[in-house]
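> model the structure of this input:
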Amino acid sequence: MRVLQLIDSLEAGGAERIAVTFANALSSHIEDSCLCVTRNEGILRSKVSHEVSYLFLNKKSTLDLSALFRLRKFVKQHKVDIVHAHTTSYFFATLLKIISPGIKLIWHEHHGKRVFTNRSKNKALYLCSFFFKKIITVNEDLQEWCKQHLATKKVVYLPNFVDQTLFSSEQEERKKQIVCLANLRVPKDHLNLLRAFKKVHGEFPDWELRLIGKDFEDSYSGELKEFVSEHGLKRSVFFEGAKDDIERSLQEARIGVLASESEGLPIALLEYGLARLAVVATNVGYCEKVISTFGKTVASKNSEALANALLFYIKNKENRILDADAFHKHIISNYSLKKVLPLLIEHYKDSSH
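All right, here's what the predicted structure looks like:
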């Protein structure tokens, strides 16, 4: 079996981390594991194993035919039989399928916000779905949406996962830190989190909030920084940008938080679990199902409820540690690479004929 992961960039997003982890893990299980990045390399480039056959296309436009034919040459050279396209790379993957009809095309949908749209908002995706052999989704709501709105016959749910080996088993001294692992994008609703932290800071000024994720230096980012400045939070809120050593940063903190207005199945939550953080998240996408009874979920866009959940863990050390340990075990049991990889390989086998 020869499989190519196709992704638009290697920035530090959830879908990108999944694509890289799949490519790396599969390299020891199949004949050839390949990874193609179409538009931009990024911070995750250093995480790609030397065992993975790698191609960067540097695609300049949606219909970059030169890049398309370079990809076809690579696929032919490596005798790829399955192309696993992640998120927005589905269109380029469909073009490849048209000029290389022998490949089997699988599309992996990671973004939970899709469920708030309909077919008319996804015309290109609908047309491309006639070429998909199978669709993989990160939660069952997305699975149902794809069944209703797209043309692909086989749609399956495969939970996101994390690689346990990336996290140290040693318990380090934890700092009075709340960490949020999310690129600075509108759906992540950092402003909601900052409003909640303002209340936390009023009671516990020695606690810090660390925001890890790519800063696109746009109006959204500017609004967040203006809020921090206006409310005197500059010494307590830190914008750390994208990092390639997030495991260490997570294991230094005590609480992990997500304040999103929409999600699929966020990788950040799973990483919080491996890092033994107490978790607080908004009840969107699959957050509540992932957290179960091992953390706290609150309504989205409710900074008061978010602040109260954070304050509970700050004030109750014993509950914080107990929930963090229970969540850690829950993630290892249900969302580990060891559990998910065999399921993925079975989906590949099923799609190859």
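> contacts, neighbours, all on C-alpha from now
OK.
> buried stuff in the helix or strand encompassing residue 346?
Taking DSSP states H and E as the criterion, the element that holds residue 346 is helix 337-351. Of all the residues in helix 337-351, those buried under the rule 16 or more other Cα atoms under 10 Å are 337-338, 340-341, 347-348, 351.
> same check on stretch 215-233?
Applying a neighbour-count criterion of 16+ other Cα under 10 Å, one finds 215, 220-221, 224-225, 227-228, 233 buried in stretch 215-233.
> and if you look at stretch 283-301?
Applying a neighbour-count criterion of 16+ other Cα under 10 Å, one finds 283-288, 290-291, 294-301 buried in stretch 283-301.
> so which of those residues belong to helices?
Among these, the residues falling in helices (DSSP state H) are 287-288, 290-291.
> tell me where the chain has helices.
Defined through DSSP H, the helices belonging to the chain, from first to last, are 14-26, 65-77, 90-99, 123-128, 140-149, 190-203, 219-230, 246-252, 267-274, 287-291, 303-315, 317-334, 337-351.
> reformat these as JSON lines; add distance to residue 167 and mean pLDDT.
Formatted as JSON lines, the helices of the chain follow (distance: least, Cα to Cα, whole Å; pLDDT from 0 to 100):
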{"stretch": "helix 14-26", "distance to residue 167": "14", "mean pLDDT": "94"}
{"stretch": "helix 65-77", "distance to residue 167": "34", "mean pLDDT": "98"}
{"stretch": "helix 90-99", "distance to residue 167": "32", "mean pLDDT": "98"}
{"stretch": "helix 123-128", "distance to residue 167": "37", "mean pLDDT": "97"}
{"stretch": "helix 140-149", "distance to residue 167": "28", "mean pLDDT": "96"}
{"stretch": "helix 190-203", "distance to residue 167": "26", "mean pLDDT": "98"}
{"stretch": "helix 219-230", "distance to residue 167": "29", "mean pLDDT": "98"}
{"stretch": "helix 246-252", "distance to residue 167": "6", "mean pLDDT": "92"}
{"stretch": "helix 267-274", "distance to residue 167": "7", "mean pLDDT": "95"}
{"stretch": "helix 287-291", "distance to residue 167": "19", "mean pLDDT": "95"}
{"stretch": "helix 303-315", "distance to residue 167": "23", "mean pLDDT": "98"}
{"stretch": "helix 317-334", "distance to residue 167": "12", "mean pLDDT": "96"}
{"stretch": "helix 337-351", "distance to residue 167": "13", "mean pLDDT": "93"}
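> so which of those helices gets nearest residue 261?
For the helices of the chain, proximity to residue 261 was assessed by Cα to Cα; helix 190-203 is nearest, at 9.2 Å.
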